[in-house]
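K.L.:
kindly generate the corresponding structure for this input.
(chains A and B)
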Protein chains: 2
Amino acid sequence: MGRSYAVLGTGAIGGFYGARLQQAGLEMHFLLRRDYEYVQRNGLAISSIQGDFTLPKVKGYNSVKDMPRCDVVLIALKSTHNHLLAQLLPPLVKDGSVVLTLQNGLGIEPKIAALVGQSVEVLGGLCFICSNKNGPGQIRHIDYGQIQLAAYGLNYQPQGITTAMRQIATDFERANIPIKLEENLLLARWQKLVWNIPFNGLSVVLDATTDAIMADRHGQKMAEKLMREVVAIAARYGLNIPESFIQNRLEDTVKMKPYRTSMKIDYDFQRPLEIEAIFENPLRAAQKAGVPVPQLTMLYQQLKFLEARYLSRE
Amino acid sequence: MGRSYAVLGTGAIGGFYGARLQQAGLEMHFLLRRDYEYVQRNGLAISSIQGDFTLPKVKGYNSVKDMPRCDVVLIALKSTHNHLLAQLLPPLVKDGSVVLTLQNGLGIEPKIAALVGQSVEVLGGLCFICSNKNGPGQIRHIDYGQIQLAAYGLNYQPQGITTAMRQIATDFERANIPIKLEENLLLARWQKLVWNIPFNGLSVVLDATTDAIMADRHGQKMAEKLMREVVAIAARYGLNIPESFIQNRLEDTVKMKPYRTSMKIDYDFQRPLEIEAIFENPLRAAQKAGVPVPQLTMLYQQLKFLEARYLSRE
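P.N.:
The predicted model follows:
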């Protein structure tokens, strides 16, 4: 019998990967909020560069109390809602469960590990995907899709390739989701921040898509300089990210389809921004290690300023 | 007989000070472009915190060819139009004329001096004023109004207080314009940049007035950090701007009426921004002296990015 999965957050990420896993025959349980009634009636519709498909019937829930404990819990909430995990996670896990967070940024796994205890393995999944939620139960998959998977150990100690990682990789591969197993979660997280920090931040401050940033000489320079600051922090933690990595990310971004980052989408909808995970925690790491990151600091302050303008209105 | 004045640029600055000088009985000649016909018919209307007044009749021109050579030429164009000065200035000056630029930023006087030759003294006037042009020939004076006046010498060598400075000060005082004579133009220019760089730049990037920037913890921090970078450049040129100067500028800005900076107004009208004088020339000075100014650099790049978006559409 296949593994059972709970999906927390049925949006651009959780909706897409969850639907793929269900399509591949896995037992999926989706937590829904605003979209609960719509999805109960209509299921999920995925429009994807790899082919559209619909799941007319999914197991949806509007409370974790009604959900079964699962073998795997996928966390795909906005990290701005992670204060809810203390309520959401414990009812869903059992001894031997695995919690896989698909969220961006730093410092998320330690908090999850503290909530679920030592009998539950915590994994981090870094999603290289361009996808959006277009409406209730409607996900548009625009580009890419790979997940890098790595295991969390206390203080981000590298865990190598674990059995749970291999099992989940089998399921994801069955669902045609390209998956790459990594031995060092912290390195993978910092590598992802090399892209996420400049492009999420600048897309909001400059009101720009990724292609517009890369098409402009000054946009390019800013992205590159910010990447270097991120690399400098990682280096102080013994994580070597070579210069070629920066150049490759910049070239990838030029080749990529024009993309509105997730932070820009949140900003356009005047939702809280994932500043803590993507900016604050990396900045804290920089400060702790005494690495000067003036441009990252200013970008962070600009985001806080812009977010406060609409959050303070509420 | 009083001195004759030519005013190049009859806007928020040239229109206001020029009208005050004419009101005080000086012989004023105004160069006008788009507003020429309107002002010929209707004159200038000043709405000021110090009392409204109108000048139903002014000597307006739509070409410097029709203007007399004057004792003083006031330059109050946007510095983005300074490439026009090669045509505009020579027909207006004679031996013994004084050219006074009321523009913001660095590196303007050397170019003017090169255009007019050694028989014409060049002065810099730093305007501490909040004023806008509301419509053709209509100027609104919101707050302040003082001018700091200093003489330009080759490579910004301090010139002390010159006779021309004293003469002009007499005229301006007659017109109730508070004027302060300074011995060191370069120091005055850098002191003014301490305010102009953060508030002009951040107001554009954050879409904010001065009060909104100062009301936000992160806005305040950004302004202060940018001010410190400006001070660090000046210090490398032997110009000492004490810490108290920064604190006083910040406090002044809190007390000031909510103000949309001139760069923000230009941005909102999608006009070229005064980036060269206010950002590029100071950055060049930093580079030449080997002073790292990462936040000033990023703010500059953000402005260039935002300006290019609409300028490239034309």
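
K.L.:
need the three-state assignment for the closest residue to chain B within the stretch 101-250 of chain A.
P.N.:
Residue nearest to chain B within the stretch 101-250 of chain A (CB to the nearest CB): A:His218, separated by 3.9 Å. Placement of C-beta: from N, CA and C, glycine included. Following DSSP: H, G, I helix; E, B strand; the rest coil, the label given to A:His218 is helix.

K.L.:
count of neighbours near A:Ile275?
P.N.:
Neighbour count for A:Ile275, taken as other CB atoms under 10 Å in any protein chain shown: 22.

K.L.:
roughly how far does the closest residue to it other than its chain neighbours sit from B:Ile46?
P.N.:
Excluding its sequence neighbours, the residue lying closest to A:Ile275 (CB to CB, 6 or more residues apart in numbering or on different chains) is A:Leu303, at 5.5 Å. Using CB to CB, to the nearest Å, A:Leu303 is found at 41 Å from B:Ile46.

K.L.:
any chance you could map the strands in the stretch 151-300 of chain A?
P.N.:
A:179-181 (DSSP state E, counting those that start in this stretch).

K.L.:
kindly report the residues of chain A close to chain B.
P.N.:
Listed as neighbours of chain B in chain A under the rule CB under 8 Å from any CB of the partner chain: A:205-206, A:208, A:212-213, A:216-219, A:221-222, A:225, A:294-295, A:297-302, A:304-306, A:308-309.

K.L.:
redo that, cut-off 10 Å
P.N.:
Contact residues, chain A versus chain B (CB under 10 Å from any CB of the partner chain): A:202, A:205-208, A:212-213, A:215-222, A:225-226, A:229, A:292-309, A:312.

K.L.:
now list the buried members of those.
P.N.:
Buried residues within these, counting neighbours by 16 or more other CB atoms under 10 Å in any protein chain shown: A:202, A:205-206, A:208, A:212-213, A:216, A:218-220, A:222, A:225-226, A:229, A:293-308.

K.L.:
name the SS class of the residue lying closest to A:Asp143 once chain neighbours are set aside, please.
P.N.:
Spatial nearest neighbour of A:Asp143, excluding adjacent residues (CB to CB, 6+ apart): A:Cys130 at 4.1 Å. The three-state label given to A:Cys130 by three-state DSSP is strand.

K.L.:
surely A:Cys130 meets A:Ile139?
P.N.:
No. With contact defined as CB atoms under 10 Å, A:Cys130 does not reach A:Ile139; the gap is 11.6 Å.

K.L.:
so those two - more neighbours on which side?
P.N.:
A:Ile139 (24 against 21).

K.L.:
got the contact list for that one?
P.N.:
Neighbour list for A:Ile139: A:10-19, A:44-48, A:131-133 [criterion: CB atoms under 10 Å, 6 or more residues apart in numbering or on different chains].

K.L.:
can you do 7 Å?
P.N.:
A:Ala12, A:Gly15, A:Phe16, A:Ala19, A:Leu44, A:Ile46, A:Ser131, A:Lys133 (CB atoms under 7 Å, 6 or more residues apart in numbering or on different chains).

K.L.:
got a list of what the residue nearest to A:Ile161 when sequence neighbours are not counted touches?
P.N.:
Leaving aside its chain neighbours, A:Ile161 sits nearest to A:Leu181 (5.1 Å; criterion: CB to CB, 6+ apart). By CB under 7 Å, 6+ apart, the residues touching A:Leu181 are A:Leu149, A:Ile161, A:Met165, A:Ala169.

K.L.:
I'd like to know which of these are buried.
P.N.:
Buried among the contacts of A:Leu181 (16+ other CB under 10 Å): A:Leu149, A:Met165, A:Ala169.

K.L.:
give me the neighbour count for A:Pro258.
P.N.:
By other CB under 10 Å, 14 other residues sit near A:Pro258.

K.L.:
how near is it to A:Ser203?
P.N.:
Applying CB to CB to A:Pro258 and A:Ser203 gives a distance of 11 Å.

K.L.:
what do the two both touch?
P.N.:
A:Thr209, A:Thr210.

K.L.:
of the buried ones among the contacts of A:Leu181, closest to B:Tyr237?
P.N.:
Closest to B:Tyr237 out of the buried ones among the contacts of A:Leu181 is A:Leu149 (54.7 Å), distances taken as CB to CB.

K.L.:
quick one on the thing from earlier: which among the contacts of A:Leu181 gets closest to A:Ala234?
P.N.:
Nearest member of those to A:Ala234, counting by CB to CB, is A:Leu149, at 19.6 Å.

K.L.:
give me the buried positions along the strand or helix carrying that closest one.
P.N.:
Secondary structure assignment for A:Leu149, by DSSP states H and E: strand A:138-151. Across strand A:138-151, burial judged by 16+ other CB under 10 Å covers A:Gln138, A:Ile139, A:Arg140, A:His141, A:Ile142, A:Tyr144, A:Gly145, A:Ile147, A:Gln148, A:Leu149, A:Ala150, A:Ala151.

K.L.:
now these in CSV, with pLDDT?
P.N.:
Formatted as CSV, the buried residues of strand A:138-151 follow (pLDDT from 0 to 100):
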residue, pLDDT
A:Gln138, 97
A:Ile139, 97
A:Arg140, 95
A:His141, 96
A:Ile142, 91
A:Tyr144, 90
A:Gly145, 94
A:Ile147, 98
A:Gln148, 98
A:Leu149, 98
A:Ala150, 98
A:Ala151, 98
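
K.L.:
show me the two of the residues you listed that sit farthest apart.
P.N.:
Pairwise over those, using CB to CB, the maximum falls at A:Gln138 and A:Ala151, 33.0 Å.

K.L.:
shouldn't A:His29 be in contact with A:Asp66?
P.N.:
No. Counting by CB atoms under 7 Å, A:His29 stays clear of A:Asp66, with 9.2 Å between them.
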